[in-house]
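Chemist: Sequence below, structure please.
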Amino acid sequence: MSTLEPLISRRTKPGAGVPRKRAKGRAVWEEQPSFIGQFGKGAVLTVVVLAVVLPLYAIVLTSVSSEGAITRAGGSLVLVPDGLSLSAYREIFSNGVVTRAVLVSVGITVVGTVVSMVLSILCAYGLSRARSVGHRFFLGAMIFTMFFSGGLIPGFLVVTQLHGYDQYWALILPSCISVFNILIMRGFYQATARDLIDAARIDGAGEWRILWSVVLPTTKAVTAVMTLFYAVGYWGSWFNTLLYTPFDNNKWPLSYVLYEYVNLGAKMPGMDSGGSGADIQHQAAAPFAISMAVVVLTLIPILVVYPFLQKHFTKGMLTGAIKG
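Modeler: Sure, this is the predicted structure:
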């Protein structure tokens, strides 16, 4: 009897043999988090956040710093607030070039995104229908262009022969289609429930009605993601401007203004009656502060729009990864 006492006492000890309570929201098969794991995740996330936030902080602070503060910082980014001033923003908005560049960028982004989405949706839907005429040929031809292209010079010659030089449409049409985006949308359209499409056909719906009332409502996530991709691409695009409208600053988008005044170190030009630039000799703000102010203006729309599309962006990417 004495030999069983330790076993009995161990079995009857309060709390013995009772599993630990699992945290809410944790799956059954997941292990309990360890201190080292939690600390490591926190450290990595902290480093990532600092790597993103610190450059933004330095850019914004430099854009509102005086010329003396930038000089004391060695002519580079300011990390400690010193002599704050909004003269850089007053300079770029009173000058006229940046104000017009913002309007040009908004117009190109809106029109370009609409054109790209309409063409991409129609193309992706047509390629997703197995019985559409020549869909295999067109699909192969589009995939071929992902790996082989005519090159920069033939593209430039085509646009100029079509009288696109120094025209707004040259900033949109040469890059309005992304085959990669079309392939992603095609995969989503192919995964649309066949029963819904068959039911719509029985009710007498045609292809346009099926696309508008069945396919698009069930693929809102990928539509939002592709819209964001195209919009960000147009907003940050400057190379087409360098090729087709490099001399008329009336047609410069904000991204090309950023390229001119940050990468090339050009002075902020004024807008004369002929549309050509004339350098301002006496600027109230430091040139480097003006450059950083332009950077801030370029980043603001993306930072404002992305939170509203984040839900669809995450859902679209995860769903696409699961569907393969």
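Chemist: Centre-most residue in this structure?
Modeler: Taking C-alpha atoms, centre = their mean, the centroid of the chain lies closest to Val232, which sits 4.2 Å from it.
Chemist: Just say helix, strand or coil for that residue.
Modeler: helix (DSSP: H, G, I helix; E, B strand; the rest coil).
Chemist: Roughly how far does the nearest residue to Thr219 once chain neighbours are set aside sit from Val296?
Modeler: Distances taken as C-beta to C-beta, 6 or more residues apart in numbering put Phe188 closest to Thr219, at 4.7 Å, once the chain neighbours are dropped. Glycine gets a C-beta too; all of them are placed from N, C-alpha and C. Separation of Phe188 from Val296 (C-beta to C-beta, to the nearest Å) stands at 35 Å.
Chemist: which of those two has more neighbours?
Modeler: Using other C-beta atoms under 10 Å as the criterion, Phe188 and Val296 rank with Phe188 on top: 22 against 17.
Chemist: Mind listing residues that contact the strand or helix carrying that one?
Modeler: Element membership of Phe188 [criterion: DSSP states H and E] is helix 179-190. The contact list for helix 179-190, computed with C-beta atoms under 8 Å, 6 or more residues apart in numbering, reads 120-121, 123-125, 127-128, 142-143, 145-146, 215, 219, 222-223, 226, 229-230, 319-320, 323.
Chemist: Mind giving me the PyMOL select for those residues, buried ones only?
Modeler: Command for PyMOL, covering only those of those found buried under the criterion 16 or more other C-beta atoms under 10 Å:
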select buried, resi 120+121+123+124+125+127+128+142+215+219+222+223+226+229+230+319+320
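Chemist: What pLDDT is listed against Gly15?
Modeler: Model confidence at Gly15, given as pLDDT, is 48.
Chemist: Repeat that for Arg22.
Modeler: pLDDT, Arg22: 53.
Chemist: show me where pLDDT drops low in the stretch 201-324 of the chain?
Modeler: The model of the stretch 201-324 of the chain has pLDDT under 70 over residues 262-285, 309-324.
Chemist: buried set for the helix or strand following the helix holding Phe188?
Modeler: Using DSSP H and E, the helix or strand that directly follows helix 179-190 along the chain is helix 194-202. Residues 197, 200 are the ones in helix 194-202 that count as buried (16+ other C-beta under 10 Å).
Chemist: so how far is helix 194-202 off the chain centroid?
Modeler: The chain centroid and the centroid of helix 194-202 are separated by 35 Å under C-alpha atoms, centre = their mean, to the nearest Å.
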